[in-house]
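Asks: this one's sequence-less:
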DNA sequence: GTATGTGCAAAACGTTTGCAAGTTC
DNA sequence: GAACTTGCAAACGTTTTGCACATAC
């Protein structure tokens, strides 16, 4: 799939500002990793990142990958998902309106969708219970229609 | 909190029938563990179970606890949740209509709620995308109002 | 020059598995 | 007694951490 390049220069600036703000330093590793994560069009795991850089011949240590991810989470520039597939999945927030996910229980397919009904529902429920909303996560587990996915459509 | 005892005898029978059905055997460990899980009014982790039995002086091995949990999941008598708190949480299905969760991001409080709007929403979305619904999970992350929970209400 | 970041290997965590000994049917 | 279950410890996959060395400011 062709990647239509997003302009991430503004967000890179935000990132660097946040770094300095907190007394952290700008390094080539952080730059490269953050650039990759901001440009990624998919949900990715820590391992995806490491593997990508390894395959390009640029070694990054797992530790650094996780440290950068945690930095971005702290800055609110990355969102974490738990799709029940073992590892955590991440996704940057650039130009993404809030969305939820359809997850195939058999294969790795994850589809995003947006539905305004949920936002209203969420507000209604939190108002009723008197809590302060921070975020929500709606996952609908489905069986998808990919050809390579029929293998467990028993029951 | 006083526990109002539920009658689980019917479900214990179901459990034993399913065991025999699949050529598995009934053992004292399974009985005790399943009884505890069916009687539990809370979401629990594998560790909660192990700890409970240890504290009572009845040793159970972690392996057996996990094996029983997986058995109940296989039988559809237990539901698994991922609340982003590290370990998996489990909950029996007895007398529980489907519900979703409010999760405090700071403390361990998890509140259940029922809202019919979600069911309709779920159907609408799956119909639109042409997938077969298996289940859904709506989690609303909030900050709760427990006294022991104010400690991270900054930002 | 000091504080912070990196990479490595080791540890930590929740969960699963191989195997010898014990139980159930 | 054949098949299944248990408990232990070892293995697992993901994520974190301690530490010596390297880098940014």
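Replies: Now that the structure is in, tell me what you want to look at. Values in this document were obtained by computation on a predicted structure and should not be read as measured data. Numbering: from 1, shown residues only, chains lettered A, B, ... in the order given.
Asks: Do the helix or strand where residue A:139 lies and chain B come into contact?
Replies: Using DSSP states H and E, residue A:139 falls within strand A:132-143. Yes - using Cβ under 8 Å from any Cβ of the partner chain, strand A:132-143 comes into contact with chain B via A:132, A:133, A:134, A:135, A:136, A:137, A:138, A:139, A:140, A:141, A:142, A:143. C-betas here are computed from N, CA, C, even on glycine.
Asks: Identify, from those residues, the entry nearest to residue A:109.
Replies: Using Cβ to Cβ, residue A:142 comes nearest to residue A:109 of the residues of strand A:132-143 next to chain B, at 9.1 Å.
Asks: For the residues of strand A:132-143 next to chain B, which PyMOL command selects only the ones that are buried?
Replies: In PyMOL, this line selects whichever of the residues of strand A:132-143 next to chain B come out buried by 16 or more other Cβ atoms under 10 Å in any protein chain shown:
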select buried, chain A and resi 133+136+137+138+139+140+141+142+143
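Asks: Redo the residues of strand A:132-143 next to chain B as CSV? Include pLDDT and distance to DNA strand C.
Replies: Output for these, formatted as CSV (pLDDT from 0 to 100; distance: Cβ to the nearest atom of the strand, whole Å):
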residue, pLDDT, distance to DNA strand C
A:132, 80, 27
A:133, 82, 27
A:134, 78, 23
A:135, 80, 22
A:136, 84, 23
A:137, 84, 18
A:138, 86, 22
A:139, 85, 17
A:140, 85, 22
A:141, 82, 17
A:142, 82, 22
A:143, 78, 21
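Asks: would TSV of the residues of strand A:132-143 next to chain B with distance to DNA strand D be doable?
Replies: Converted to TSV, those look like this (distance: Cβ to the nearest atom of the strand, whole Å):
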residue	distance to DNA strand D
A:132	25
A:133	24
A:134	19
A:135	18
A:136	21
A:137	16
A:138	21
A:139	17
A:140	22
A:141	19
A:142	22
A:143	22
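Asks: which one among the residues of strand A:132-143 next to chain B gets closest to residue B:58?
Replies: Nearest to residue B:58 among these is residue A:141, at 35.7 Å by Cβ to Cβ.
Asks: quick one: that closest one from residue A:56, how far?
Replies: Distance from residue A:141 to residue A:56, counting by Cβ to Cβ, to the nearest Å: 34 Å.
Asks: so is the residue nearest the centre of chain A in a helix, a strand, or just coil?
Replies: Geometric centre of chain A, nearest residue: residue A:91, 1.5 Å, by Cα atoms, centre = their mean. At residue A:91 the chain is in strand, as set by DSSP: H, G, I helix; E, B strand; the rest coil.
Asks: close enough to count as contact, it and residue A:45?
Replies: No - between residue A:91 and residue A:45 there is no contact under Cβ atoms under 8 Å: 10.9 Å.
Asks: and the closest residue to residue A:81 other than its chain neighbours, what is it in contact with?
Replies: With Cβ to Cβ, 6 or more residues apart in numbering or on different chains as the criterion, residue A:81 has its nearest non-adjacent residue at 4.4 Å, and that residue is residue A:89. When contacts are counted by Cβ atoms under 8 Å, 6 or more residues apart in numbering or on different chains, residue A:89 is found next to A:43, A:44, A:45, A:80, A:81, A:82, A:83, A:110.
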